[in-house]
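A.B. asks: predicted structure and sequence below. I'll ask about it afterward.
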4 protein chains.
Amino acid sequence: MLQKIDIRFLKQPEEVGLKNPVFIEGLPGIGHVGKLVADHLVNELETVKVVEIYSHYFPPQVMVDESGTIKMPNNEIYAYKSNGNSPDLLILVGDFQSISNEGHFELVNAYIEVAKKFNVSKIYTLGGYGIGRLIEEPYVIGAANNPEMIEELKSYGVKFERGEPGGGIIGASGLLLGISKLEGIDAACLMGVTSGYMVDPKSAKAVLDVLKSMLNLDVGVEELDKRAREMEKLIAQIKEMQEATMQQWKSDEDLRYFR
Amino acid sequence: MLQKIDIRFLKQPEEVGLKNPVFIEGLPGIGHVGKLVADHLVNELETVKVVEIYSHYFPPQVMVDESGTIKMPNNEIYAYKSNGNSPDLLILVGDFQSISNEGHFELVNAYIEVAKKFNVSKIYTLGGYGIGRLIEEPYVIGAANNPEMIEELKSYGVKFERGEPGGGIIGASGLLLGISKLEGIDAACLMGVTSGYMVDPKSAKAVLDVLKSMLNLDVGVEELDKRAREMEKLIAQIKEMQEATMQQWKSDEDLRYFR
Amino acid sequence: MLQKIDIRFLKQPEEVGLKNPVFIEGLPGIGHVGKLVADHLVNELETVKVVEIYSHYFPPQVMVDESGTIKMPNNEIYAYKSNGNSPDLLILVGDFQSISNEGHFELVNAYIEVAKKFNVSKIYTLGGYGIGRLIEEPYVIGAANNPEMIEELKSYGVKFERGEPGGGIIGASGLLLGISKLEGIDAACLMGVTSGYMVDPKSAKAVLDVLKSMLNLDVGVEELDKRAREMEKLIAQIKEMQEATMQQWKSDEDLRYFR
Amino acid sequence: MLQKIDIRFLKQPEEVGLKNPVFIEGLPGIGHVGKLVADHLVNELETVKVVEIYSHYFPPQVMVDESGTIKMPNNEIYAYKSNGNSPDLLILVGDFQSISNEGHFELVNAYIEVAKKFNVSKIYTLGGYGIGRLIEEPYVIGAANNPEMIEELKSYGVKFERGEPGGGIIGASGLLLGISKLEGIDAACLMGVTSGYMVDPKSAKAVLDVLKSMLNLDVGVEELDKRAREMEKLIAQIKEMQEATMQQWKSDEDLRYFR
């Protein structure tokens, strides 16, 4: 039985023993910048998976890996217990965002419920900000749910100018800021400027640099390029196959019925 | 935790002490006539915000202002305590209407629940009636959920002729009349005739004039033009950016998945 | 407060005192054949309205009549108390069918709940069967949820041949047969063959003739033509206006947002 | 009253007395390979229908057979009590899969609930894997929710190579593997490679051959060709009619409303 929003704790907060962790979200989105950075953190730091989230709002399918083993699509939260130089972290990564409008709200409610159980002190959501052209020197623009965070972010090189992003912030990265504002949790979004045309490791590096200095994280950046190339290859391959599958599935749907 | 329909009272009805207020709705719609008038009333009169309404039926995103601070989309209800010359008012304004069909019904249920808590005596919903061409002398057409209101509205220059609007009244402005009819609350819709092509301060002025004389409101009209120009500029800017964001987001959705 | 499915009894079954009535459904559909016949019966017979059904699954709008008074879209059930020559009737008519797939099921559940409260003996659903070309001599094809009904229907000239309608019966007319089968209530669908291009009084007359002889109803057919012409005119007018409204509403939706 | 997910047990598990049956799913899908095999098993083996599943997530319509009798669309589960040479079986067949994304999850939850009531030992889901070109010698590719099953499947000739199906497995065949993994039930998907252009009895035979040897089933394959031809004819006929009906229904929807 899979609940509409199905939160499964692999470890209870008290077992994990994080101290007012910083919550970092990096789900799929524009240029996959946020996902690239968050996946990188999960892999580079000594993290442990603490929560799995399944949902009826993810696509009704499973993924198959190269060995032929399936994976149920989900989002996952990893815990990082710091050695004292940085804050503890909770990192939200995953395969999908909601494919329905209302599902976004229910999933973000769930993320915040988990965050509160772990007594998070602050939330950073990561994303890309697409400008439709290639960019030589990517930088990071920000948005926050508390004006007081803005000055601090500026001091780490995050740009706040010209009312960007004017169109708002769509999906989990945006709603996490909005709903946590109503819950009294400080949250900011870091968006790496990117063309929006491809998985962008340069933009991801810009975002990672801000995070590193802000949170005093000891994380290399060498693997970002490799990770981005793999991601790009995987996406191309899967996109092609998925399109083929979907077309056949859809043409079948026209004749779904027979006795 | 954000409820599907999340009504947050900032002040309780007894604190506010309105006496059988008139409820005025002006949400986004055709020519933004209704929103222009209602926003104007909230700004020109000495109003106080009493209710915030959030919902899973609004778009899954947040807005970002020029400073970089986000705002969770919502609808808001403001109270106006009259000095005795006019009735007290409750004014519903907001960023969005529901983006799903069923959400319209649930949100209007919520508006009427609030209205009943404040013992409203009457409801006016404001909107535009687009005719697809420019119009020199805008006028106001009406519709009511009680035939007795029609004569009164006619005496204030509201037109009821040729079965307009034949296509019915869509969204909150319509459903507020329909559901309040079932609840036994008198309600009418005032629609400023407009081209439908732009934010129309002339049409808004026509609607405002009817409201002013009907409710004996002491409100200037000078700011309507300025407000409309700002709204127009903002809409153009945001529309452009939103389109860009949505396109990237959508093209990303095609490749939402990867391991 | 309007429930998702909101059944409002204007009279209780025991007040109305029908004896195992026959339930007839005629909602909007192909060629509006079913609606034309059912509306005709409600008007020609001495009927009284006993139930109103409102729903979040109808379009989020109200209709406006020529005087400017609004009507909340609904479905209505009328009772006909026979003088003894025919069975008593319950007639379901209305403005809309569900605009969502799932809503069809919930609404038909509601219709059958009402039917059971009135102890209906049998259900006839009325519709059109479009063949895409004009037809000189319309006839009636049938489908039933109990094979035993088929012979009886054939004896009244209803055709059952060539596996028509092969594509199944969509919407309330179909689901009423399916769900009442599971409830153990006999039900059949009478479909007037029609071009499908217009409101078709000839096809409606063919359906009405079957009903009249089967149920021994004393109903004239003279008004069918006039009713069809009015319906046609109304539809043309409303369609035009509705399209205009919808277009403006939709173009507005693109710029739904502004601060 | 039809529940959203309406599971109707015609026989209780204890009456049927199956011993840790193997659950086989074959619903409509690519090339109708899965449905063809599962329908074949239901017909060739001495099976008895034990469960009917109705749902608001199936299309809102009924089917009409050649005699004029309607059928409410559903999925059905048949039980096969083995003579001891093979395991007992539960076979899921049906008219449709969910037409909404979320419905897939709720239906698969229901299938697994039934499977657990019958104490199933293992699940095989059957489908097609379309490659977009004709294939002379169809073979079967596999995916499993437990790596241990993969070696066993390989020993029966099932192929696991090149990361196929890269696009994942969509619908019930996929989610059954995913959700049963979370429930601790072993499950694998057998996909007959097929063009995807037509009902493919050759591909179905390849899948059936794997099942036969794996489960030691005594089932002929002669009828597969005939069954496929009938299915193909039926689909063509119904598709044509359904399209005609849908077009008329849709054009009617534009003018759904009138007073």
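C.D. replies: Sure, I can see it.

A.B. asks: let me see the mean pLDDT of the helix or strand hosting residue A:104.
C.D. replies: Assigned by DSSP states H and E, residue A:104 belongs to helix A:101-117. Helix A:101-117 comes out with an average pLDDT of 97.

A.B. asks: residue contacts, the residue lying closest to residue A:104 once chain neighbours are set aside?
C.D. replies: Once flanking residues are discounted, residue A:104 sits nearest to residue B:60: 3.5 Å by Cβ to Cβ, 6 or more residues apart in numbering or on different chains. Heads up, the C-betas are built off the backbone N, CA and C, glycines and all. Contacts here follow Cβ atoms under 8 Å, 6 or more residues apart in numbering or on different chains; on that basis residue B:60 touches A:98, A:101-102, A:104-105, A:170-171, A:174-175.

A.B. asks: can you redo the residues you listed as CSV with neighbour count?
C.D. replies: Formatted as CSV, these follow (neighbours: other Cβ atoms under 10 Å in any protein chain shown):
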residue, neighbour count
A:98, 23
A:101, 17
A:102, 19
A:104, 22
A:105, 25
A:170, 23
A:171, 24
A:174, 27
A:175, 29
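
A.B. asks: can you give me the distance of residue A:53 to chain C?
C.D. replies: Distance of residue A:53 to chain C, given as Cβ to the nearest Cβ, to the nearest Å: 25 Å.

A.B. asks: Three-state assignment for that residue, please.
C.D. replies: Per DSSP: H, G, I helix; E, B strand; the rest coil, the local secondary structure of residue A:53 is strand.

A.B. asks: which residues does the closest residue to it other than its chain neighbours bridge with?
C.D. replies: Closest residue to residue A:53 in three dimensions, ignoring its sequence neighbours and counting by Cβ to Cβ, 6+ apart: residue A:75, at 4.5 Å. In this entry, residue A:75 is beta-bridged to residue A:53, residue A:94, by DSSP bridges.

A.B. asks: so how far is residue D:36 from residue A:75?
C.D. replies: Using Cβ to Cβ, to the nearest Å, residue A:75 is found at 37 Å from residue D:36.

A.B. asks: the more surrounded of these two?
C.D. replies: Counted by other Cβ atoms under 10 Å in any protein chain shown, residue A:75 and residue D:36 do not tie: residue D:36 has more neighbours, with 27 against 23.

A.B. asks: where's the more buried one, which helix or strand?
C.D. replies: helix D:33-44.

A.B. asks: which helices and strands does that helix pack with?
C.D. replies: strand D:22-25, strand D:89-94, strand D:122-130, strand D:187-194, helix D:201-215, helix D:222-254 (3 or more Cβ pairs under 8 Å, 6 or more residues apart in numbering or on different chains; DSSP states H and E).

A.B. asks: in JSON lines, list the ones you listed along with mean pLDDT.
C.D. replies: Below are the helices and strands packed on helix D:33-44 laid out as JSON lines (pLDDT from 0 to 100):
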{"stretch": "strand D:22-25", "mean pLDDT": "98"}
{"stretch": "strand D:89-94", "mean pLDDT": "98"}
{"stretch": "strand D:122-130", "mean pLDDT": "95"}
{"stretch": "strand D:187-194", "mean pLDDT": "96"}
{"stretch": "helix D:201-215", "mean pLDDT": "96"}
{"stretch": "helix D:222-254", "mean pLDDT": "70"}
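
A.B. asks: how about the contacts made by the residue nearest to residue A:53?
C.D. replies: Here residue A:75 is in contact with A:27, A:52-53, A:55, A:92-96, A:107, A:111 (Cβ under 8 Å, 6+ apart).

A.B. asks: which one among the residues you listed gets closest to chain C?
C.D. replies: Distance to chain C, by Cβ to the nearest Cβ, is smallest for residue A:55 among the contacts of residue A:75, at 19.0 Å.

A.B. asks: wait, doesn't the closest one sit right on residue A:5?
C.D. replies: Yes. Counting by Cβ atoms under 8 Å, residue A:5 is a contact partner of residue A:55 at 5.3 Å.

A.B. asks: what touches both of these two?
C.D. replies: Common contacts of residue A:55 and residue A:5, defined by Cβ under 8 Å, 6+ apart, comprise A:106-107.

A.B. asks: these two - which one has more neighbours?
C.D. replies: The residue with more neighbours, out of residue A:55 and residue A:5, is residue A:55; 25 against 18, by other Cβ under 10 Å.

A.B. asks: just the CA coordinates for stretch A:104-123, please, in PDB.
C.D. replies: Extracted in PDB, the C-alpha atoms of stretch A:104-123 (Å, rounded to 0.1, in the frame of the first residue of the first chain):
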ATOM      1  CA  HIS A 104       3.700  20.100  -5.500                       C
ATOM      2  CA  PHE A 105       2.000  21.600  -2.400                       C
ATOM      3  CA  GLU A 106       1.500  18.200  -0.800                       C
ATOM      4  CA  LEU A 107       5.000  17.100  -1.400                       C
ATOM      5  CA  VAL A 108       6.500  20.400  -0.100                       C
ATOM      6  CA  ASN A 109       4.200  20.000   3.000                       C
ATOM      7  CA  ALA A 110       5.900  16.600   3.500                       C
ATOM      8  CA  TYR A 111       9.400  17.900   3.100                       C
ATOM      9  CA  ILE A 112       8.700  20.600   5.700                       C
ATOM     10  CA  GLU A 113       7.200  18.100   8.000                       C
ATOM     11  CA  VAL A 114      10.400  16.100   7.900                       C
ATOM     12  CA  ALA A 115      12.500  19.300   8.200                       C
ATOM     13  CA  LYS A 116      10.700  20.200  11.400                       C
ATOM     14  CA  LYS A 117      11.100  16.700  12.900                       C
ATOM     15  CA  PHE A 118      14.900  17.200  12.500                       C
ATOM     16  CA  ASN A 119      14.700  20.800  13.900                       C
ATOM     17  CA  VAL A 120      16.200  22.400  10.800                       C
ATOM     18  CA  SER A 121      17.600  25.900  11.400                       C
ATOM     19  CA  LYS A 122      17.500  27.100   7.800                       C
ATOM     20  CA  ILE A 123      16.600  25.900   4.300                       C
END
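
A.B. asks: off-centre distance for it?
C.D. replies: Put simply, stretch A:104-123 sits 13 Å off its chain's centre (Cα atoms, centre = their mean, to the nearest Å).

A.B. asks: so which bits of that stretch are buried?
C.D. replies: Buried residues in stretch A:104-123, defined by neighbour count with 16 or more other Cβ atoms under 10 Å in any protein chain shown: A:104-112, A:114-115, A:118, A:120, A:122-123.

A.B. asks: going by distance to chain D, which of these wins?
C.D. replies: residue A:106 (11.2 Å).

A.B. asks: from chain B, how far out is the closest residue to that closest one other than its chain neighbours?
C.D. replies: Of all residues not flanking residue A:106 in the chain, residue A:5 sits nearest, at 5.3 Å (Cβ to Cβ, 6+ apart). Distance of residue A:5 to chain B, computed by Cβ to the nearest Cβ: 12 Å.

A.B. asks: which residues does residue A:5 contact?
C.D. replies: A:53, A:55-57, A:106-107, A:109-110.

A.B. asks: hmm, 10 Å instead?
C.D. replies: Going by Cβ atoms under 10 Å, 6 or more residues apart in numbering or on different chains, residue A:5 touches A:53-57, A:98, A:103, A:106-107, A:109-111, A:113.

A.B. asks: how about those in CSV, adding distance to residue D:232?
C.D. replies: Compiled in CSV, these are given as follows (distance: Cβ to Cβ, whole Å):
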residue, distance to residue D:232
A:53, 43
A:54, 38
A:55, 38
A:56, 34
A:57, 36
A:98, 38
A:103, 38
A:106, 42
A:107, 42
A:109, 48
A:110, 46
A:111, 48
A:113, 51
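
A.B. asks: for the helix or strand hosting residue A:79, give the mean pLDDT please.
C.D. replies: Assigned by DSSP H and E, residue A:79 belongs to strand A:75-80. What strand A:75-80 shows for mean pLDDT is 98.

A.B. asks: that strand versus helix A:101-117: what angle between them?
C.D. replies: 20 degrees (axes from the mean of the first three to the mean of the last three Cα atoms, to 10 degrees).
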